[in-house]
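Trainee: Pasting the sequence and the predicted model now:
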Amino acid sequence: MSAAYDNTFTLDILTVVQEWQTTHGLRSLDYLRYRQFCQRRIRRLCKAVGFLHGNGRTYQARPIVPKVVTDVRHVMLLLLNVERCWATGEVLKEEGEGNLRKQRARVSKLRKAVQWAQQLVAICKERCDEHTTMQAEGYCKEMEGLRHLTLNQWDEALEHFAQARDIWIACTSSKLSSSTSRELFLQRIAEVEQKRRLCWYKAGKPMEQFKTATGDMGHGKVEHTSLQWRGQTLPLHSEKIRAYAATSETLLQQIEAAKSKQEMTFGTTAFNQCNELYDKLLVNFQDALQQVKQDLRAESAGTTALHLHRLGNYFTYAHLEHTMHRNLYYIENYTKRILARAEKGNQKTVGPADIVRLYDILLQNIVDVLAIPGVEEDAELGVAYAHKQLCYRASKMYWKGEAFRGGRQFPEAAACYTHGEQLVSDCFLFQRSNGIKSEAIVKLSESIRTAKCGLSAEAYLHNHNQGSGLAQATAKLSLEDEARCLFTSMDEFQECKTMIPVPLPFEPFPCKPIFYDIASNFLKENELVGKKAAKSKPTPQQQEEEEGQPAEPKKGGWFNFRAFF
């Protein structure tokens, strides 16, 4: 054991591995780059500690045994060999789809990784302290479980993953663990639990019997050490954050119980109780977000800061999501209240304008959710919130039309219903293109169609009744001067009931004069009958003048010039 040697070594295995992986390619899942780093680092360490295998021409095997370990870098050599074999297996996994040879090569690399890990455990038991040995054992058990998982040996993988989980839990409670190491242990426990859940499902065992590290059934998203969001495992770093997560889970269960307690009606005890629980839940998420920001001030860089940023995004998302749930709960209660008022004729307490305001808040919440980093690019969340946005816009137009209809503004209501129908058709197209089914949008389409028909009938009756009332009021009018008005008695001081008479009295005014042609009355028609005009003969002098006058020359050619040739 380690007591047979003068000195022992200490190596924080998970911290070193985490630093290597996040610095050399695994942040972007570049396994090839990480394998090349491990190979170069092994070569440099071998030259640094004088542990070369041969003289450059021939290879000479030099196994690492406890008696040759004089530096902690010998332990790091074993760890780097495990990581290199594992990274090579991951590279072959990406390239080996449909290639049986590469799949077998991957299994072979994982087997070598397990052998190096077992050798690491043996060296740590001889030359390292207890805390390093515990980490090496948990690391080895997890690598063995990964090998069985690749071979589809579900029961063996479950057993090794359970052993690794127990070791990580023991390391978490160890006094030698620092705060950073505890966070890495919690993250490792969450990852192992996910692998155990997969193996349990693949083995065909009932999921109701699956138990997490705390002994609770694994139905909810919140577990003992982590949160699941967008396919990522978010470790809970501090006791305060874990307490906030547990409180939020308890409040959600109480809200569901209060909703199912009795029929939801506005103003009842159940509604007020749910409202109070929602307020507590939202305040709890705000406190959790504030705690994450305080932890971020202490951890400005590193892996812990990255996890805290993700936790902050999760709590922001959860706060907005449950704010939307509360507003939808209000809309449901308000709708029932409006329908009850329409049936029983109760006094107005809430109206369509209140629901329109709630839909405005919902649309703004969706904009805020999509502004969270990574949500809009997410394949599931991005599509889901785009669909919700279309549905809420269509519902807003429907209730806005109802508000205009209640105020007898029929053209505005018809315009809102028409716009709502267009949004509903866009929503149907979006559902068909993304494979989404929603009964709520079908009911909304029927409601809009029904409202349009009712609006047309109501507008016709309103206009008809208004015309008949105007006719009745006009029939009572009289042209007689029953009462003097102010306009006709400006020069007299007497009491007048009106300013001008309605309708205005008739007054004569001169028209355009008409002129008649009376000259025809003085003509005698019989004087011109049977008479013709006589042609007078020219006098002799006139004849002589006509005969002596020369004839006019004929005009011709261009510009009336006479042609002489």
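Mentor: Sure, I can see it.
Trainee: Assign the residue nearest to Ile167 when sequence neighbours are not counted to helix, strand or coil.
Mentor: Distances taken as C-beta to C-beta, 6 or more residues apart in numbering place Gly138 nearest to Ile167, at 3.6 Å, with adjacent residues excluded. All C-beta spots, glycine's among them, are computed from the backbone N, C-alpha and C. Assigned by DSSP: H, G, I helix; E, B strand; the rest coil, the conformation of Gly138 is helix.
Trainee: Just confirm Gly138 contacts Cys171, I think it does.
Mentor: Yes. Counting by C-beta atoms under 8 Å, Cys171 is a contact partner of Gly138 at 6.7 Å.
Trainee: Same drill for these two, tell me which one is more crowded.
Mentor: Gly138 (26 against 23; other C-beta atoms under 10 Å).
Trainee: The residue nearest to Ile167 and Val192: what is the separation?
Mentor: Relative to Val192, Gly138 is positioned 9 Å away (C-beta to C-beta, to the nearest Å).
Trainee: just Gly96 next, same as before
Mentor: Per C-beta to C-beta, Gly96 is found 25 Å from Val192.
Trainee: Of the two, give the one with the bigger neighbour count.
Mentor: Taking other C-beta under 10 Å, Gly96 and Val192 do not tie; Val192 has more neighbours (25 against 16).
Trainee: the strands in the stretch 201-350 of the chain, which residues?
Mentor: Ranges of strands in the stretch 201-350 of the chain, per DSSP state E, counting those that start in this stretch, are 226-229, 232-235.
Trainee: joint contacts of Gly138 and Val192?
Mentor: 164, 168 (C-beta atoms under 8 Å, 6 or more residues apart in numbering).
Trainee: Would you indicate which residues of stretch 409-417 are buried?
Mentor: 410, 413-414, 416-417 (16 or more other C-beta atoms under 10 Å).
Trainee: from the chain's centre, how far out does stretch 437-457 sit?
Mentor: Distance of stretch 437-457 from the chain centroid (C-alpha atoms, centre = their mean, to the nearest Å) equals 25 Å.
Trainee: again, but for stretch 279-295
Mentor: 22 Å.
Trainee: rewinding a little: out of the strands of the stretch 201-350 of the chain, which is closest to Leu120?
Mentor: strand 232-235 (24.6 Å; C-beta to C-beta).
Trainee: residues in contact with the closest one?
Mentor: Strand 232-235 is contacted from outside by 183, 186-187, 190-191, 194, 225-228, 307, 310-311, 314, using C-beta under 8 Å, 6+ apart.
Trainee: can you do 6 Å?
Mentor: Applying C-beta atoms under 6 Å, 6 or more residues apart in numbering, the contact partners of strand 232-235 are 186-187, 190-191, 226-227, 307, 310-311, 314.
Trainee: which helix of this structure spans the most residues?
Mentor: Taking DSSP state H as the criterion, the chain has its longest helix at helix 303-344.
Trainee: who does that one touch, helix- and strand-wise?
Mentor: strand 232-235, helix 269-298, helix 352-370 (3 or more C-beta pairs under 6 Å, 6 or more residues apart in numbering; DSSP states H and E).
Trainee: 8 Å instead?
Mentor: helix 179-202, strand 226-229, strand 232-235, helix 239-259, helix 269-298, helix 352-370 (3 or more C-beta pairs under 8 Å, 6 or more residues apart in numbering; DSSP states H and E).
Trainee: how big is the angle separating it from helix 352-370?
Mentor: Going by axes from the mean of the first three to the mean of the last three C-alpha atoms, to 10 degrees, helix 303-344 is angled at 160 degrees with respect to helix 352-370.
Trainee: Surely Thr488 is in a helix?
Mentor: No. Counting by three-state DSSP, Thr488 falls outside a helix, being coil.
Trainee: so it touches Pro501, yeah?
Mentor: Yes. Counting by C-beta under 8 Å, Thr488 does reach Pro501; the two are 7.2 Å apart.
Trainee: re earlier: would you mind giving the buried residues of stretch 409-417 as JSON lines with pLDDT and distance to Trp116 added?
Mentor: As requested, these are exported to JSON lines (pLDDT from 0 to 100; distance: C-beta to C-beta, whole Å):
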{"residue": "Phe410", "pLDDT": "86", "distance to Trp116": "81"}
{"residue": "Ala413", "pLDDT": "88", "distance to Trp116": "75"}
{"residue": "Ala414", "pLDDT": "88", "distance to Trp116": "76"}
{"residue": "Cys416", "pLDDT": "89", "distance to Trp116": "70"}
{"residue": "Tyr417", "pLDDT": "89", "distance to Trp116": "71"}
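Trainee: And those, which is closest to Phe522?
Mentor: Phe410 (71.2 Å).
Trainee: still on that earlier bit, present the buried residues of stretch 409-417 as CSV; the columns should include distance to Arg62.
Mentor: Formatted as CSV, those follow (distance: C-beta to C-beta, whole Å):
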residue, distance to Arg62
Phe410, 94
Ala413, 88
Ala414, 89
Cys416, 83
Tyr417, 84
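Trainee: wait, what's in contact with the residue nearest the centre of the chain?
Mentor: Taking C-alpha atoms, centre = their mean, the centroid of the chain lies closest to Tyr385, which sits 3.2 Å from it. Neighbouring residues of Tyr385 by C-beta under 8 Å, 6+ apart: 366, 369-370, 375-376.
Trainee: Would you mind listing which of the residues you listed are buried?
Mentor: So, by 16+ other C-beta under 10 Å, the buried ones in the contacts of Tyr385 are 366, 369-370, 375.
Trainee: and the nearest residue to Leu78 once chain neighbours are set aside, backbone torsions?
Mentor: Leaving aside its chain neighbours, Leu78 sits nearest to Leu120 (4.3 Å; criterion: C-beta to C-beta, 6+ apart). Main-chain dihedrals, Leu120, degrees, to the nearest 10: phi -60, psi -40.
Trainee: is it true that Leu120 touches Val75?
Mentor: Yes. The criterion here is C-beta under 8 Å, and Leu120 meets it with Val75 at 7.2 Å.
Trainee: So for the two, which residue has more residues nearby?
Mentor: Taking neighbours as other C-beta under 10 Å, Leu120 and Val75 compare with Leu120 leading, 29 against 23.
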